[in-house]
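S.K.: pasting the sequence and the predicted model now:
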Amino acid sequence: MGADTREDIINFTDAARYVQPTEPAVLQKLEWFKDQKLAFMVHWGTYSQLGMCESWPISDGDAYWSRTAYRWEPDNEKFRTQYFAMNKTFNPIRFDPDEWADFAKEAGFRYFIFTTKHHDGFCMFDSKYSPYKITNSDCPFHTNRRANVAKELFDAFRARGIAIAPYFSKPDWHCPWYWAKDCEKPVAFDRNPTYDPKARPELWNRFVEYTHAQLTELAEDYGPVDILWLDGGQVRPSNGQDIRLDVLAKKLRAKNPGLLFADRTVGGAFENYITPEQTIPQKPIDVPWESCISIGNGFAYGYDDEYKPPRELVRLLINVVTRGGNLALNLGAQPDGRLPRRGMEAALGLGEWLKTYGEAIFSTRAAKTQLESGDFGFTRRGNTVYALKPVAANETLNGRILVPWSEGCKRISALDNGEPLGFERTSMGLEVKLPERFASDSLYALALKIEES
């Protein structure tokens, strides 16, 4: 993940390039995915100690946007040495996986995306294939009974009925077979390998084997998992970096039929859903998709971070779901192992809203959205339609409101308590009489239930 100024992030995969899976188990799993609607995403690693952007500053080619919070060492090599040595000081002794999972359940999250390895290569799981990991003897946290962080988290979340989606960076900038020394380009010249994989197949094949081994670990030793969330879109066949995902997927799906791959920004058979980052598509998309948006300013923890209020999170969720997508809300964890309190409070505010209005969100599909719908969005379950309108902090609703729905309507009710509401059909839609209580400043969104027959 990274800043929203990069073209490869803003220009997420066009829905026209989406490749529909053909395996029945994958198609069935995608319907499950579209039911979930809300994911909890966490970026956490050694970089959390700095309160700065994750991984990206160690790539010289990405310095122009990623090093805004880094001032102490102008020498690139010295900086990277210091960055990679942060495993020796990472000791999140206040980490409690049950507290994380209890919070996520209370906030209404349905699946969990966790950074098992970011681009810097530091593993938040006990990988057998890399010494650069939280369980290694040079990391002070390795003696903690919860040192195998990913396993602890996945077990805790799974126990609460929350699905598991390991985030995994395909590029690994700590790996000697990706940023290899003494090659055509200097280490960290940019985010790509230091060599041409076609010209150096022995190096590239070792990297592919390493990548397959770690992903197999996560899918089989830390499973069952539901999604493999793969970041680092420069690693793609069209860019000369083919990690032979087709071979790996066949192997993993033999044991876990329907396993989803989010090979983000790549397109093709293994981007089973597309992933806009820090943005929401302006129009409904007819293919599976998920917007990943941070509750704070960025994906990694920041000491002076500001967090979106619950009202804003409700608005984001409505805008995403009524356009046919899922919302992954990211909260960067603190270096001591806790989730930031103010970010949690914001998400719990969304969770409170969902306890009343979740019927209009979960297990629905986007309904026909009309161009004149204005601030309204619509979801559907069978013959029931839900009309949703985010309400601004300084906006009050009273009297009557026009709901731009021209399809069938037998009955309209308030979703919070089932109260029937009077309405009249007009050429523009349904004019609905609102109860006085909807004029409250605490109303985050108007939610109406339309029964078509």
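M.R.: Good, I have the coordinates.

S.K.: ok, which stretches of the stretch 151-300 of the chain are strands?
M.R.: Assignment of strands within the stretch 151-300 of the chain using DSSP state E, counting those that start in this stretch yields the ranges 163-169, 227-231, 260-263, 290-294.

S.K.: could you give the angle of the longest one to strand 227-231?
M.R.: What that stands for is strand 163-169. With axes from the mean of the first three to the mean of the last three Cα atoms, to 10 degrees applied, the angle from strand 163-169 to strand 227-231 works out at 20 degrees.

S.K.: tell me which of the strands of the stretch 151-300 of the chain lies nearest to R338.
M.R.: strand 290-294 (17.4 Å; Cβ to Cβ). For the C-beta atoms, the positions are set from N, CA and C on the backbone; glycine is no exception.

S.K.: follow-up on the earlier one: of all the strands of the stretch 151-300 of the chain, which one is nearest G325?
M.R.: If we rank the strands of the stretch 151-300 of the chain by Cβ to Cβ, the stretch that ends up nearest is strand 290-294, at 5.9 Å.

S.K.: who does the closest one touch, helix- and strand-wise?
M.R.: Contact partners of strand 290-294 among helices and strands, from 3 or more Cβ pairs under 8 Å, 6 or more residues apart in numbering; DSSP states H and E: strand 38-42, helix 310-321, strand 326-330.

S.K.: got the angle between the second one and strand 38-42?
M.R.: The reference is to helix 310-321. Using the same axes, to 10 degrees, helix 310-321 lies at 120 degrees relative to strand 38-42.

S.K.: quick one: helix 310-321 to strand 290-294, angle?
M.R.: Using the same axes, to 10 degrees, helix 310-321 lies at 160 degrees relative to strand 290-294.

S.K.: for helix 310-321, name the packing helices and strands.
M.R.: Packed on helix 310-321, when contacts are counted by 3+ Cβ pairs under 8 Å, 6+ apart, are strand 290-294, strand 326-330, helix 341-357, strand 377-381, strand 384-390, strand 445-451.

S.K.: want to throw the ones you listed into JSON lines with mean pLDDT, mean neighbour count and distance to G161?
M.R.: Listed next are the helices and strands packed on helix 310-321 as JSON lines, based on pLDDT from 0 to 100; neighbours: other Cβ atoms under 10 Å; distance: least, Cβ to Cβ, whole Å:
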{"stretch": "strand 290-294", "mean pLDDT": "98", "mean neighbour count": "25", "distance to G161": "19"}
{"stretch": "strand 326-330", "mean pLDDT": "98", "mean neighbour count": "24", "distance to G161": "17"}
{"stretch": "helix 341-357", "mean pLDDT": "98", "mean neighbour count": "18", "distance to G161": "15"}
{"stretch": "strand 377-381", "mean pLDDT": "95", "mean neighbour count": "21", "distance to G161": "20"}
{"stretch": "strand 384-390", "mean pLDDT": "96", "mean neighbour count": "22", "distance to G161": "24"}
{"stretch": "strand 445-451", "mean pLDDT": "97", "mean neighbour count": "21", "distance to G161": "24"}
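
S.K.: number of residues surrounding the closest residue to P257 other than its chain neighbours?
M.R.: In space, and not counting its chain neighbours, P257 is closest to A25: 3.8 Å by Cβ to Cβ, 6 or more residues apart in numbering. Other residues near A25 number 13, with proximity taken as other Cβ atoms under 10 Å.

S.K.: quick one: classify A25 as helix, strand or coil.
M.R.: State at A25, reduced to three classes by DSSP: H, G, I helix; E, B strand; the rest coil: helix.

S.K.: thinking again about what came up before, now tabulate the helices and strands packed on helix 310-321 in CSV and tack on distance to M52.
M.R.: Below are those laid out as CSV (distance: least, Cβ to Cβ, whole Å):
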stretch, distance to M52
strand 290-294, 14
strand 326-330, 16
helix 341-357, 17
strand 377-381, 36
strand 384-390, 32
strand 445-451, 35
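
S.K.: I'd like the strands of the stretch 151-300 of the chain as TSV, with distance to R342 appended.
M.R.: Below are the strands of the stretch 151-300 of the chain laid out as TSV (distance: least, Cβ to Cβ, whole Å):
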stretch	distance to R342
strand 163-169	23
strand 227-231	26
strand 260-263	29
strand 290-294	13
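
S.K.: among those, which comes closest to G51?
M.R.: The nearest among those, by Cβ to Cβ, is strand 290-294 at 14.1 Å.

S.K.: output the closest one as PDB, restricted to C-alpha atoms.
M.R.: Output of strand 290-294 as PDB, limited to C-alpha atoms (Å, rounded to 0.1, in the frame of the first residue of the first chain):
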ATOM      1  CA  GLU A 290     -13.300  -3.800  -2.800                       C
ATOM      2  CA  SER A 291     -12.100  -0.300  -1.900                       C
ATOM      3  CA  CYS A 292      -9.300  -0.300   0.700                       C
ATOM      4  CA  ILE A 293      -9.400   3.000   2.600                       C
ATOM      5  CA  SER A 294      -7.600   4.000   5.800                       C
END
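
S.K.: thanks a lot, see you next time.
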